[in-house]
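Enquirer: After the sequence you'll find the predicted model.
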Amino acid sequence: MFSKILIANRGEIACRVASTARRLGIRTVAVYSDADAQSAHVQACDEAVHIGGNAPRDSYLQWQRILQAALQTGAQAIHPGYGFLSENADFANACMQAGVVFIGPSSAAIKAMGLKAASKQLMDKAGVPLVPGYHGADQDPALLAQEAQRMGFPVLIKASAGGGGKGMRIVARAEDFAEALASCQREARSSFGDEAVLIEKYVQRPRHIEIQVFGDSHGHIIHLHERDCSVQRRHQKVLEESPAPGLTPELRERMGAAAVAAAQAVNYVGAGTVEFIVEQSERGMDFFFMEMNTRLQVEHPVTEAVTGLDLVEWQLRIAAGEPLPLTQDQVRVQGHAIEARICAETPDNDFLPATGHLHVMRTPVAQAFAVGAVRWDSGVREGDDISPHYDSMIAKLIVHGETRALALARLDQALSELHIVGVANNVAFLRQLVRSPSFATAQLDTALIERDKAVLFHQQPLPVPRAVASVVAHILASEHASTSAWLDPWARTDGWLVQGVSQRHWSLSQGELPLQAQLTRHTRGADVLQVGEQSYPFQYVEQEKGLLVQWGPHRWHAHVYALQAMLHVFTDMGSCSLNLIDPLAHAAQNTAAGGNLTAPMPGKLLSFAVQVGDQVKAGQALAVMEAMKMEHTVAAPADGTVAELLFAPGDQVSEGAPLLRMDVQAN
């Protein structure tokens with residue numbers, strides 16, 4: 001076994017690898033960019049080496065610097081994590097040439113599976129079923145359009161060198177093909193340095209099911225069963241689970257055998273994932289090879305949860321030359337596991353990535369590798385920043401239960417205990433998703449989120465009056481804490497009276513919705529809180545797990561966090577943010593951008609779709625930006641005329657910066 005390894009990654013996966021290495025007595029070396037100098041993964045390792053600037057191309061993609069860092073620190077092996085260099089055949093080959101073990105497959109296997117078109121030709125020879133499509137080298141747009149027409153729409157355009165949902169477009173109509181192709185190629189070129197694409201028939205009601213495989217250098221290859229990753233947004237996974245619900249034993253066996261055959265076709269060594277698209281029809285289910293990821297996957301913890309195995313430990317042992325720890329017959333699956341990706345984004349705004357400071361991040365009590373446990377894998381801590389330089393994932397929340405129903409209940413409970421303040425996030429959306437009838441009953445396919453958008457987006461599970469009552473309880477508890485040291489009752493500021501009745505008023509708002517609360521306090525008898533038209537006796541108790549609020553017939557636990565004038569309320573029912581209005585403050589002036597189209601997030605301007613003088617309609621695409629590894633279209637807020645373009649393609653822009661100036665058409 002190795003005595004020291006370098007982890008060529010950052011964030012959550014670097015912390016994850018370091019955790020297993022520490023348990024095995026292996027010293028670790030971190031690498032870090034300027035932005036990550038004080039990050040969690042640097043502190044999780046025994047040593048750290050600075051490798052460059054904030055952008056991945058200036059640091060985490062600089063494999064020559066990373067290899068040099070391994071040689072200088074005496075690391076015997078490099079673990080690439082996932083993303084960045086994990087599927088870079090040149091890097092794997094350079095490690096071998098330098099005498100440093102690459103903890104992953106050979107460069108030949110990476111090359112064979114790295115290009116989707118070539119890998120599908122290889123799978124066809126190995127007898128692995130394929131979706132009908134075009135995987136050729138000729139990338140003439142006219143030919144690609146012709147092939148799409150031959151297959152029949154809808155079709156799927158995919159970057160041949162792609163992964164993680166980038167460089168992928170579904171095209172429903174022939175007239176949309178050229179624009180989708182150009183966008184897909186542009187994103188593929190930016191993300192992978194290769195704009196080649198393949199075209200496939202788009203499978204209706206598809207499920208995304210993948211098989212975890214492992215091979216060793218002694219010629220043994222097995223699978224560790226499947227994961228269902230069908231619930232996706234922007235072609236990126238949101239929830240993953242194992243085992244996949246609804247598979248027959250016969251289908252499960254065939255898929256496992258096909259995955260092993262795929263790995264055998266390239267003499268695979270290490271951890272890999274064979275991904276299948278599963279078609280659901282009246283005839284039943286059938287599966288087709290999609291791609292093979294020659295690395296550890298983000299969702300590997302659900303496999304660890306149901307098998308009780310540490311997949312990073314398996315990677316290290318296999319890379320050190322040891323045989324597979326188990327045979328196929330010895331692999332057992334127990335219970336059900338689900339993983340939720342906690343991301344910095346705004347689901348109600350097309351999952352727009354978000355940045356900011358983690359003022360509050362309170363997590364559920366976690367325990368790794370335990371049956372029935374809740375696990376929290378993260379590379380950030382309370383007080384850290386979510387920057388625009390890397391992807392938007394904050395953490396992974398993994399739960400295990402004896403059955404799928406128990407795992408679902410445990411996940412909902414764990415999500416209710418997760419409190420994040422300072423960065424827009426998808427926690428509330430995930431609770432809606434987990435509770436939705438489609439997911440709860442395992443009616444799964446990759447269109448689930450789009451199909452159920454009416455019950456998933458713009459929801460308010462926590463009634464606003466209860467949120468207001470929680471805020472009032474928080475204010476009173478805070479005042480009591482600040483005056484409890486005083487013995488003089490005349491110094492109190494909480495409305496205390498010798499006798500009679502007093503009233504206190506608060507003005508709040510939720511977005512544009514104004515809210516009023518009035519508390520009537522009696523020297524004898526219960527206090528009464530009125531919120532809008534609802535009026536009930538009111539009391540609260542401070543407990544270790546937060547405030548216990550009683551408002552008439554309603555009773556609940558609440559945590560409230562104040563961030564300037566915003567009060568963020570978390571309860572078992574859901575969460576809500578309210579603005580507390582200071583009656584002594586001057587009314588804020590409306591500083592709307594007017595005729596300026598502003599950047600919704602920090603990132604790089606890729607292109608403008610208009611020129612000065614163009615007449616545009618509200619909702620028309622005006623510009624394309626790239627942020628957190630994804631393209632985002634910026635649309636016109638109103639009808640008008642383009643007066644001035646304020647940036648050039650390729651420029652970095654900050655959030656809120658005007659991209660162009662419009663003369664807005666008067667109503």
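Expert: Yep, that arrived. Nothing here was measured: the structure is a model prediction, and the numbers come from that model.
Enquirer: Any buried residues in stretch 37-51, and which?
Expert: Residues 39-42, 44-45, 47-49, 51 are the ones in stretch 37-51 that count as buried (16 or more other C-beta atoms under 10 Å). Heads up, the C-betas are built off the backbone N, CA and C, glycines and all.
Enquirer: Stretch 310-329 too?
Expert: Neighbour counts over stretch 310-329 (16+ other C-beta under 10 Å) mark 310-319, 324, 326 as buried.
Enquirer: Identify those among those residues that sit within helices.
Expert: Of those, the ones assigned to helices by DSSP state H are 311-319.
Enquirer: gap between residue 232 and residue 432?
Expert: For residue 232, the distance to residue 432 (C-beta to C-beta, to the nearest Å) stands at 16 Å.
Enquirer: Which parts of the stretch 301-450 of the chain are helices?
Expert: Here the stretch 301-450 of the chain has its helices, by DSSP state H, counting those that start in this stretch, at 311-319, 404-416, 427-435, 437-440, 448-451.
Enquirer: Who are the packing partners of the third one?
Expert: Under the contact criterion of 3 or more C-beta pairs under 8 Å, 6 or more residues apart in numbering; DSSP states H and E, helix 427-435 touches strand 236-242, strand 336-343, helix 404-416, helix 453-456.
Enquirer: As TSV, those with distance to residue 115 would be great.
Expert: Below are the helices and strands packed on helix 427-435 laid out as TSV (distance: least, C-beta to C-beta, whole Å):
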stretch	distance to residue 115
strand 236-242	21
strand 336-343	27
helix 404-416	36
helix 453-456	35
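Enquirer: how about the ones you listed, which one is nearest residue 357?
Expert: With C-beta to C-beta as the criterion, residue 357 lies closest to strand 336-343 of the helices and strands packed on helix 427-435, at 16.2 Å.
Enquirer: Give me the average confidence score over that closest one.
Expert: Strand 336-343 carries an average pLDDT of 98.
Enquirer: can you give me the angle that strand makes with helix 427-435?
Expert: 150 degrees (axes from the mean of the first three to the mean of the last three C-alpha atoms, to 10 degrees).
Enquirer: Against which helices or strands is strand 336-343 packed?
Expert: Counting by 3+ C-beta pairs under 8 Å, 6+ apart, strand 336-343 packs on strand 236-242, helix 300-307, strand 393-401, helix 404-416, helix 427-435.
Enquirer: Show the end-to-end separation of stretch 339-354, please.
Expert: 21 Å (C-alpha to C-alpha, to the nearest Å).
Enquirer: again, but for stretch 64-84
Expert: 13 Å.
Enquirer: Tell me the buried residues in that stretch?
Expert: 65-67, 69-70, 73, 75-84.
Enquirer: now stretch 385-396
Expert: 386, 388-396.
Enquirer: cool, stretch 412-424 as well?
Expert: 412, 414-424.
Enquirer: for stretch 152-166, same thing?
Expert: 153, 155-166.
Enquirer: Then stretch 282-292?
Expert: 287-292.
Enquirer: again with stretch 501-515
Expert: 504, 506, 508, 515.
Enquirer: Same check on stretch 435-448?
Expert: Buried residues in stretch 435-448 (16+ other C-beta under 10 Å): 435-436, 438-439, 443-446, 448.
Enquirer: got JSON lines for those residues, with distance to residue 334 too?
Expert: Shown next, in JSON lines, are the buried residues of stretch 435-448 (distance: C-beta to C-beta, whole Å):
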{"residue": "435", "distance to residue 334": "25"}
{"residue": "436", "distance to residue 334": "27"}
{"residue": "438", "distance to residue 334": "26"}
{"residue": "439", "distance to residue 334": "22"}
{"residue": "443", "distance to residue 334": "25"}
{"residue": "444", "distance to residue 334": "22"}
{"residue": "445", "distance to residue 334": "27"}
{"residue": "446", "distance to residue 334": "28"}
{"residue": "448", "distance to residue 334": "27"}
